[in-house]
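Q: Requesting a structural model of the entry that follows:
(2 chains)
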Amino acid sequence: MTTRRSLIAATAGLPMATLLPGAARAQQRFNSLYVFVPAGPGGGWDGLGRAIEQASRSAGLVNSFQFDNVGGAGGTVGLPRFVGQRRGRGDAIMVAGAVMVGAVLTNRTPVGLKDVTPIARMTTEPGVIVVPASSDLRDLAGFMAALRANPGAVSVGGGSAGGIDHITLGLLLKSLGKNAREASYVAFAGGGPAQAAILGAQVRAGISGVSEFAEQIKAGRMRALATTGETRSLDGVPTLKESGIDIVIGNWRGVFGAPGINATQRQALSDYIGALVATPQWKEIVARQGWDEAYLSGADFERFLARDQADTEQVLRDIGLVT
Amino acid sequence: METLSGLAMGFGHALTLTNLGWALLGCFLGTAIGVLPGIGPALTIALLLPITFSVPATGAFILFCGVFYGAMYGGSTTSILLNTPGESGSIITSLEGAKMAKNGRAGPALATAAIGSFVAGTVGTIGIAFLGPVVVELALKLGPAEYFCLMVLCFVTVSAVLGGSALRGLTSLFFGLLLGLVGIDLQTGQPRLTFGIPELLDGVNVVLVAVALFAVGETLYLAWRYVEGKQEVLPVGSIMMSKTDWKRSFWPWVRGAGIGFPFGVMPAGGTEMPTMLSYYMERKLTKPEHQKEFGTTGAIEGVAGPEAANNAAAAGILVPMLTLGLPTSATAAIMLSAFQSYGIQPGPLLFTSQAELVWTLIASLFIANVMLVVLNLPLVGLWARILTIPQPQLYAGILVFATIGTYGISNSVVDLFLLYGIGIIAMFMRRFDFPVAPVVIGMILGPMAEQALRQAMTISQGDWSVFVTRPISLAILLVAVAALVGPRLYGAWVRRMAA
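A: Down below sits the predicted model:
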């Protein structure tokens, strides 16, 4: 898999490089970089890893890349392998994010994000709360009123239990002073079945990443009630914050270094990512993929990570998934 | 009319030399990966994703669709010849197919699978072009309650593979249900029966279990009971399908395609359930004189039906993706991400905003289907000759093949331990006459039924009456009851008439 990946990678960067002849070639940071993706090819983390590769190669930051995908269980299948095999290696990064924070807690794995070295947060994707187009819930106020009246009667569909969608619902109930355990959360295996259940009005509402539902909303088959970001993500759809509910939550993704690397190695990775996000090639990819940039590094990222872990654990405890 | 002009435009675009080349390459790759157990179309397309940077959208999607359809063809070849299913949709094919191959009927089995795949693929693709948007709206009316009832219906099919002893058969079924429980529970996120092994968090792969039960178990059993000197070469027999074979295959193809397509369209349908239902149906509908071939020398109906169902379902899976932008299978999800890297947002508006691409894609599905049958039929004779390899070498080869394929699923050594552990269990099951097919059925249906039941219960706030108050769900339950008691009542009635 690895050799095929790097071979394809070697050709994939070419058109970009030729497309942007005038683009500034930055100073090379690594001759070769190992990227560990704790998810299968084609998903969000894999997409970020591939984008890092594409931008780095065409900007001349890294000469060659080696990829390894080990998917499963919110990244907790791959994490122990990265920790075990790459200890002390300064030329290795792992792509991970909010999903792994929750998965480590609910799966009770002994290896966690504490065992890797935080480098930077790179992107984030806010969530959106939707109802089927035929729903009698007109707006966020109506939805919250229904939740307040009887949380059990408002079935909400989303991704796997304990994930960001579930946590968002837990936070909404908490903001109403309700017990998060009363939530009537229906977990679906993946975005397709969840969307189908919402379109077919099998559930009263749904929560997922904005990009997942954006096309259905645009086509008028789902009604967006609110998004969960700091600022608006969809035209004419309010955020929770501006609606008076103090919740900001998103599916952030970032990179981590191997365990046991020294300060110099860590600084080198940090500088590299800092240089990468400043390149026009990176900006172009982010724009094309429709990601929200959320670059945060160093101590700021560590503080963010600690807070995210504490918040997530608290909500999962409230929901009853972590004891 | 709009459909016909769309199709005409699609064929116009698809029939260029470059696009035909992409289709051929896709069919070839697809057949190859379909043959290997473990590596499926989803993973292959994911590995091909980087070509989206340098190949135009039409070419890339034609390639992907060729891979997708090709994998469905290739999967049946190893199921029949080596009792080693390449993907979950062809597990049922191996039940009768491998028995036919053992009895010198490998040629007709492969041929009926290939032609059945062609018939069903064509029916399915016509379905995509003409019925897609209508069927998908109907499929959306099915919720977890209906899915649970469908799975109850599928559990009835276990009775067709239980074998002589109900106790032994049910023991196998429960072993399968137990294996299905391993991994993280979707509704609570809690790990079950994982014993602290991270590789088990995502559950046990069903193709791995099928390969362990069918191929590894049989090989180990033969190694155990093999008597030196009794050199036995399997007969190859006639390669061509006889007139009777055609006659016996025709209706199973049609019925299989008819069951498969709607299941594929259903957002939580998949390819496994229709193959089970088709197998059960053919077993019940076969003429009495061929009835005894089931489970003994291998009945051609039991290959033709499930194989057609598998391919029609595979075509159906593309419907929610193309009409609504819903990725209802791993392969569709990867294809959607390919759409996104071209800046195309797949959604309900895809058919109108990207008409040219969609119709070219549908046209190339027809082309891929023709290519595959043309590619595969001449290969039947070649494939069937594999069986002339002396048994010890043949089975050693199967073992190597199964091991490589399984390692390919996730490059994990834990999977190999599972493969041989379950293989040893299967060896003893064979020795003590426990049927292995119920294990696979239990493993596929168990987790699906459990999740559907709990989703339905969450939505109804714990009210069990949802299964009988929702009309579609009630109807499916009644069919299940009829399928379970109907044959018995009929049998009793026939006996009473005779007495």
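Q: Show the contacting residues for the residue in the stretch 351-499 of chain B positioned nearest to chain A.
A: Taking Cβ to the nearest Cβ as the measure, the point where the stretch 351-499 of chain B comes nearest chain A is B:Ile459, at 4.5 Å. Glycine gets a C-beta too; all of them are placed from N, C-alpha and C. By Cβ atoms under 8 Å, 6 or more residues apart in numbering or on different chains, B:Ile459 lies in contact with A:155, A:184, A:186, A:202-203, B:143-145, B:466.
Q: Can you list which of the residues you listed are found in helices?
A: Judged by DSSP state H, helices contain the following of these: B:144-145, B:466.
Q: contacts with chain A among these, please.
A: Among the ones in helices among the contacts of B:Ile459, the ones lying close to chain A by the criterion of Cβ under 8 Å from any Cβ of the partner chain are B:Pro144.
Q: Could you give me the PyMOL selection string for whichever of the ones in helices among the contacts of B:Ile459 are buried?
A: Of the ones in helices among the contacts of B:Ile459, the buried ones can be selected in PyMOL as follows, counting by 16 or more other Cβ atoms under 10 Å in any protein chain shown:
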select buried, chain B and resi 144+145+466
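Q: Closest one to B:Ala368 out of the ones in helices among the contacts of B:Ile459, please.
A: B:Ala368 lies nearest to B:Pro144 out of the ones in helices among the contacts of B:Ile459, by Cβ to Cβ, at 34.0 Å.
Q: all strands for the stretch 101-250 of chain B, in order.
A: When secondary structure is read from DSSP state E, counting those that start in this stretch, the stretch 101-250 of chain B shows strands at B:183-184, B:191-192.
Q: can you put the ones you listed in a markdown table and add mean pLDDT?
A: Compiled in a markdown table, those are given as follows (pLDDT from 0 to 100):
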| stretch | mean pLDDT |
| --- | --- |
| strand B:183-184 | 84 |
| strand B:191-192 | 85 |
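Q: Stretch A:73-85 vs chain B: in contact?
A: Yes. Against chain B, stretch A:73-85 shows contacts by Cβ under 8 Å from any Cβ at A:73, A:76-77, A:79-80.
Q: For the strands of the stretch 101-250 of chain B, give me JSON lines that also has mean neighbour count.
A: Rendered in JSON lines, the data for the strands of the stretch 101-250 of chain B read as follows (neighbours: other Cβ atoms under 10 Å in any protein chain shown):
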{"stretch": "strand B:183-184", "mean neighbour count": "22"}
{"stretch": "strand B:191-192", "mean neighbour count": "18"}
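Q: I'd like these as TSV, with distance to B:Leu372 appended.
A: Conversion of those to TSV gives the following (distance: least, Cβ to Cβ, whole Å):
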stretch	distance to B:Leu372
strand B:183-184	34
strand B:191-192	40
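Q: ok so, going back, which of the residues of stretch A:73-85 next to chain B fall in helices?
A: A:79-80.
Q: mind putting the residues of stretch A:73-85 next to chain B in a markdown table, pLDDT included?
A: Compiled in a markdown table, these are given as follows (pLDDT from 0 to 100):
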| residue | pLDDT |
| --- | --- |
| A:Ala73 | 76 |
| A:Thr76 | 81 |
| A:Val77 | 80 |
| A:Leu79 | 85 |
| A:Pro80 | 82 |
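Q: Return the member of the residues of stretch A:73-85 next to chain B nearest to chain B.
A: Comparing the residues of stretch A:73-85 next to chain B against chain B with Cβ to the nearest Cβ places A:Ala73 closest, at 3.6 Å.
Q: Give me the below-cutoff pLDDT ranges for the stretch 51-200 of chain B.
A: Within the stretch 51-200 of chain B, no stretch falls below the threshold (pLDDT under 70).
Q: at 80 instead, please
A: Scanning the stretch 51-200 of chain B for pLDDT under 80 picks out the ranges B:52-53, B:86-87, B:132-133, B:159-164, B:189, B:198.
Q: In contact with the closest residue to chain B within the stretch 101-250 of chain A: list those residues for me.
A: Using Cβ to the nearest Cβ, the point where the stretch 101-250 of chain A gets nearest to chain B is A:Glu215, with a distance of 2.5 Å. For A:Glu215, the set of contacting residues under the criterion of Cβ under 8 Å, 6+ apart consists of B:325, B:345-349.
Q: do the same with B:Gly302
A: Listed by Cβ under 8 Å, 6+ apart, the contact partners of B:Gly302 are B:95-97, B:279, B:282-283, B:294.
Q: Need the per-residue pLDDT for the closest residue to the residue of the stretch 101-250 of chain A closest to chain B other than its chain neighbours.
A: Sequence neighbours aside, B:Gly347 is the residue nearest to A:Glu215 in space, at 2.5 Å (criterion: Cβ to Cβ, 6 or more residues apart in numbering or on different chains). The predicted structure scores B:Gly347 at 76 on the pLDDT scale.
Q: which phi and psi does B:Gly347 have?
A: Main-chain torsions, B:Gly347, degrees, to the nearest 10: phi -170, psi -170.
Q: Enumerate every residue touching residue 199.
A: Assuming you mean chain A. Under the criterion of Cβ under 8 Å, 6+ apart, the neighbours of A:Leu199 are A:132, A:216, A:221-222, B:140, B:324, B:326.
Q: think we crossed wires, I meant chain B
A: With contacts defined as Cβ under 8 Å, 6+ apart, the neighbours of B:Glu199 are A:72, A:77, B:410, B:412, B:414-415.
Q: Can you list the low-confidence ranges for the stretch 101-250 of chain A?
A: Scanning the stretch 101-250 of chain A with the threshold set as pLDDT under 80 gives A:107-109, A:189-192.
Q: Could you pull out the strands in it for me?
A: Secondary structure of the stretch 101-250 of chain A (DSSP E, counting those that start in this stretch): strands at A:117-124, A:127-132, A:155-158, A:184-187, A:205-209, A:222-227.
Q: Throw the ones you listed into CSV and include distance to chain B, thanks.
A: Shown next, in CSV, are the strands of the stretch 101-250 of chain A (distance: least, Cβ to the nearest Cβ, whole Å):
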stretch, distance to chain B
strand A:117-124, 15
strand A:127-132, 10
strand A:155-158, 4
strand A:184-187, 5
strand A:205-209, 12
strand A:222-227, 10
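Q: So which of those strands is nearest A:Ser233?
A: Closest to A:Ser233 of the strands of the stretch 101-250 of chain A, according to Cβ to Cβ: strand A:222-227, at 4.5 Å.
Q: which helices and strands sit right next to the closest one?
A: Using 3 or more Cβ pairs under 8 Å, 6 or more residues apart in numbering or on different chains; DSSP states H and E as the contact criterion, the secondary-structure elements in contact with strand A:222-227 are strand A:127-132, helix A:140-149, helix A:210-218.
Q: Which residues are in contact with the residue in the stretch 201-350 of chain B that chain A sits nearest to?
A: For the stretch 201-350 of chain B, the residue positioned closest to chain A under Cβ to the nearest Cβ is B:Gly347, at a distance of 2.5 Å. B:Gly347 sits next to A:214-216, A:218-219, B:324-325 when contact means Cβ under 8 Å, 6+ apart.
Q: ditto for A:Val203
A: A:155-157, A:186, A:197, B:459.
Q: Buried members of the residues you listed into PyMOL, please.
A: Buried residues within the contacts of A:Val203, as defined by 16+ other Cβ under 10 Å, are selected in PyMOL through the command that follows:
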select buried, (chain A and resi 155+156+157+186+197) or (chain B and resi 459)
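Q: for the contacts of A:Val203, which one is nearest B:Leu357?
A: Comparing the contacts of A:Val203 against B:Leu357 with Cβ to Cβ picks out A:Ala197 as the nearest, at 27.7 Å.
Q: Could you report the distance from the closest one to B:Leu326?
A: Separation of A:Ala197 from B:Leu326 (Cβ to Cβ, to the nearest Å) stands at 10 Å.
Q: Next, show the common contact partners of the two.
A: B:Pro267.
Q: ok, and the closest residue in space to B:Ile51 that isn't next to it in sequence, which helix or strand is that part of?
A: Excluding its sequence neighbours, the residue lying closest to B:Ile51 (Cβ to Cβ, 6+ apart) is B:Ala60, at 6.0 Å. For B:Ala60, the element it lies in under DSSP states H and E is helix B:57-82.
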